[in-house]
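S.K.: Build me a structure from this.
(2 chains)
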2 protein chains.
Amino acid sequence: MHKPLLAAALPLLAALAPTLAAAAPASEPKPLAPLEIVGQAPVADWSAIAPADLLVMDLAPDAAGKPRRVVIQLLPAPFSQGWIGNIRTLAAARWWDGTSINRVQDNYVVQWGDADGEDAAKAKALPQGLLVVPQDQYTAKAAPEGWANAQRDAYAAGTGVVLGWPVSYAPGGVAPVHCYGTVGVGRNMPPDTGTGAELYAVIGHAPRQLDRNIAVVGRVIEGIEHLSSLPRGTGDLGFYKTAAERTPIRAIRLGTDVPDLPRYQYLSTESASFARYADARANRRDPFYIRPAGGADICNIPVPVRRVP
Amino acid sequence: MHKPLLAAALPLLAALAPTLAAAAPASEPKPLAPLEIVGQAPVADWSAIAPADLLVMDLAPDAAGKPRRVVIQLLPAPFSQGWIGNIRTLAAARWWDGTSINRVQDNYVVQWGDADGEDAAKAKALPQGLLVVPQDQYTAKAAPEGWANAQRDAYAAGTGVVLGWPVSYAPGGVAPVHCYGTVGVGRNMPPDTGTGAELYAVIGHAPRQLDRNIAVVGRVIEGIEHLSSLPRGTGDLGFYKTAAERTPIRAIRLGTDVPDLPRYQYLSTESASFARYADARANRRDPFYIRPAGGADICNIPVPVRRVP
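M.R.: Numbers count the residues shown, from 1 in each chain, chains lettered A, B, ... in the order given. Just a heads-up that it's a prediction; the model follows:
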């Protein structure tokens, strides 16, 4: 009676198993659910993610001794900006090793870096060669058009998914948007835009008010649950009050420096499969749904990512 | 350098302290942040939430022995429908006591009820008097107009916040929408709409595709972190594979049956303070922001709720 048939929300790896399809008799043809469309996408519709574009964060093991690895895809060109170079420099210098997750604010962000970063006397020295990136790099001046649901967005003139990334279109240029799992650069007041040493990941409803106000540098493609399920902060804005509450970061490395790293790929947002998937997210026709919405916000059409089968 | 000034996302109780205001010199006048507007709202702009409209869920204490209480506000008229009556019947019968949280799917929902509900031989007997509620009760035929950001929503002709609740407007009627913290009724395939014995709470980006397809019955107003930080499910769709992984539910009671319950109130969505707050959420003018978005989706304008000071 209470069979909980809430359709899966995110095409994360574990969810890619066609559980909804399995629930229906194979003999009965029916409209495909978004994840079924993804599951049937031909190999040619999947694009490889270069290990050089991955940032791998290993947290201290959990209470049961299980490893906790978070894999982040760095923002590609033309959206990637100077912060990405800083992040590569910080990872190469192993600067984050021994730092910690210092903030977990419910329905907002998990933030990590040097817990003493605000204390000039105790702050960890940054590596040489970090750039100060100007605000105008929050947007890319030119970007190709992609799948779009323009005119239905509360924050921008239009939105789309281009080169594997959700973006918004505005007179100021094209900008990556803040969705669940988005990784960005913590910063102080303008004009300081942050170096990239202090990073955050979104663990709640899309905080789109941050778009064009802070640097987006990537997204979590695996292991977000190791961040989203952390105990919430005990102080203001979700910062932990004591050092003991922080989660230690063992290491953060570029994918090219992690020998055992699986290969990942994303469903090409320029493919026919993605167009069908995005349409199905906006117009749910699978059996659970009575009234398809006829639309979906850009953060409710997450780009499918998987390990290479 | 890395002072993490990401503005607070949700006006939950802990966040109501005017931390942002404290960060600026008192001598320097500046536009108010949304939470500052809420903090300055006159007493007359706050509306009481009747204890009879609260559902109090006490989970087993956490690993450190700390109590875990989740307070849910039930959906008010004219949006409340037959499921609310069923939920009152289930709580009065103490039916949920000894049941468990059975599903935690990252960026989607936490779900609770009878883990054996699908097994006719082992399912817990339901109390007498539960109604079978028709699908047409997913929407309310008539509702007053409220603060609205119509025409900027991806899912409906318009949205608004009316009588303390975020809703969407469509030819079919006015319907409460799914936002972070929304509580709804798990159901089987249509026309079964669920009794209310199986409930879920949203712990991720708003799954608006569920609007008008499943019954919204309330929202978590305190303690959502006890749900959102639970370990993610180990099986398909976030269900736990083993009974040991489930979180026991000690008791679920109506607020009138909980002697030590604080009084709660919400910022009246018909007040001038709410209009200013909603405008500030859509047009961030506080010092952190460089480019106000000029809009906000309905789930990014959460209704402020607090304990009565």
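S.K.: Tally up the residues packed near the closest residue to A:Val308 other than its chain neighbours, please.
M.R.: The shortest distance from A:Val308 to any non-neighbouring residue, by CB to CB, 6 or more residues apart in numbering or on different chains, is to A:Arg263 (4.2 Å). Quick note: C-beta positions are derived from backbone N, CA and C, even for glycine. A:Arg263 has 14 neighbouring residues, counting by other CB atoms under 10 Å in any protein chain shown.
S.K.: For A:Ala272, what are phi and psi?
M.R.: For A:Ala272, the backbone dihedrals are phi -60, psi -30 (criterion: degrees, to the nearest 10).
S.K.: show me what contacts the residue nearest to it when sequence neighbours are not counted?
M.R.: Of all residues not flanking A:Ala272 in the chain, A:Asp45 sits nearest, at 7.1 Å (CB to CB, 6+ apart). Contact partners of A:Asp45, counting by CB atoms under 8 Å, 6 or more residues apart in numbering or on different chains, are A:Leu267, A:Ser268, A:Ser271, A:Ala272, A:Ser273, A:Phe274.
S.K.: Now do the closest residue to A:Ala93 other than its chain neighbours against chain B, distance only.
M.R.: Distances taken as CB to CB, 6+ apart place A:Pro127 nearest to A:Ala93, at 3.9 Å, with adjacent residues excluded. Here A:Pro127 is placed at a distance of 14 Å from chain B (CB to the nearest CB, to the nearest Å).
S.K.: wait, A:Pro127 sits on A:Thr89?
M.R.: Yes: assessed by CB atoms under 8 Å, A:Pro127 is found in contact with A:Thr89 at 5.6 Å.
S.K.: my read: A:Gly82 touches A:Gln135, true?
M.R.: No: between A:Gly82 and A:Gln135 there is no contact under CB under 8 Å: 11.1 Å.
S.K.: Mind pulling up the pLDDT for the most centrally placed residue in chain A?
M.R.: Centroid check for chain A by CA atoms, centre = their mean gives A:Arg219 as the closest residue, at 2.4 Å. Per-residue confidence at A:Arg219 stands at 98 (pLDDT).
S.K.: which residues does the residue nearest to A:Val308 contact?
M.R.: Contacts of A:Arg263 by CB under 8 Å, 6+ apart are A:Ala48, A:Ile49, A:Pro51, A:Arg307, A:Val308.
S.K.: Now it. Its backbone dihedrals?
M.R.: Dihedral angles (degrees, to the nearest 10) for A:Arg263: phi -90, psi 140.
S.K.: how near is it to A:Arg69?
M.R.: From A:Arg263 over to A:Arg69 the distance is 15 Å, taken as CB to CB, to the nearest Å.
S.K.: who are the neighbours in contact with A:Gly98?
M.R.: A:Pro248, A:Ile249.
S.K.: Same question for A:Leu75.
M.R.: Contacts of A:Leu75 (CB under 8 Å, 6+ apart): A:Gln81, A:Ile84, A:Trp165, A:Pro176, A:Val216, A:Val217, A:Gly218, A:Arg219.
S.K.: now those residues: which count as buried?
M.R.: Buried residues within the contacts of A:Leu75, defined by neighbour count using 16 or more other CB atoms under 10 Å in any protein chain shown: A:Gln81, A:Ile84, A:Trp165, A:Pro176, A:Val216, A:Val217, A:Gly218, A:Arg219.
S.K.: So which of these belong to strands?
M.R.: Filtering the buried ones among the contacts of A:Leu75 for membership in strands, criterion DSSP state E, returns A:Trp165, A:Pro176, A:Val216, A:Val217, A:Gly218, A:Arg219.
S.K.: want to throw those residues into a markdown table with distance to B:Asp286?
M.R.: Formatted as a markdown table, those follow (distance: CB to CB, whole Å):
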| residue | distance to B:Asp286 |
| --- | --- |
| A:Trp165 | 28 |
| A:Pro176 | 23 |
| A:Val216 | 20 |
| A:Val217 | 24 |
| A:Gly218 | 26 |
| A:Arg219 | 27 |
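S.K.: And those residues, which two are furthest apart?
M.R.: The span of those, defined through CB to CB, is set by A:Trp165 and A:Val217 at 11.4 Å.
S.K.: where along the stretch 151-300 of chain A do the helices fall?
M.R.: Under the criterion DSSP state H, counting those that start in this stretch, the stretch 151-300 of chain A contains helices at A:225-228, A:272-282.
S.K.: would CSV of these with mean pLDDT be doable?
M.R.: Formatted as CSV, these follow (pLDDT from 0 to 100):
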stretch, mean pLDDT
helix A:225-228, 98
helix A:272-282, 94
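S.K.: between the ones you listed, which one is nearest to A:Val183?
M.R.: helix A:225-228 (10.0 Å).
S.K.: what's the distance between that closest one and the middle of its chain?
M.R.: The chain centroid and the centroid of helix A:225-228 are separated by 12 Å under CA atoms, centre = their mean, to the nearest Å.
S.K.: What of stretch A:230-242?
M.R.: Distance, centroid of stretch A:230-242 to centroid of chain: 22 Å (CA atoms, centre = their mean).
S.K.: repeat for stretch A:158-172
M.R.: The answer for stretch A:158-172 is 15 Å, by CA atoms, centre = their mean.
S.K.: How about that stretch and chain B, any contact?
M.R.: Yes: residues of stretch A:158-172 are located near chain B by CB under 8 Å from any CB of the partner chain, namely A:Gly172.
S.K.: Quote the end-to-end distance of that stretch.
M.R.: 12 Å (CA to CA, to the nearest Å).
S.K.: Flag every buried residue along that stretch.
M.R.: So for stretch A:158-172, counting by 16+ other CB under 10 Å, buried means A:158-170.
S.K.: Just these: which are in strands?
M.R.: A:Gly158, A:Thr159, A:Gly160, A:Val161, A:Val162, A:Trp165, A:Pro166, A:Val167, A:Ser168, A:Tyr169, A:Ala170.
S.K.: nearest to B:Arg246, of those residues?
M.R.: Looking across those and measuring by CB to CB, the closest to B:Arg246 is A:Pro166, at 34.6 Å.
S.K.: Any idea what the closest one is bridged to?
M.R.: Beta-bridge partners recorded for A:Pro166 (DSSP bridges): A:Val161.
S.K.: Looking at per-residue confidence, what score does it get?
M.R.: Note on A:Pro166: pLDDT of 94.
S.K.: For it, give me its contacts.
M.R.: With CB under 8 Å, 6+ apart, A:Pro166 has these contacts: A:Thr159, A:Gly160, A:Pro176, A:Val177, A:Cys179, A:Ile298, A:Cys299, A:Ile301, A:Val303.
S.K.: Right, I'll leave it there.
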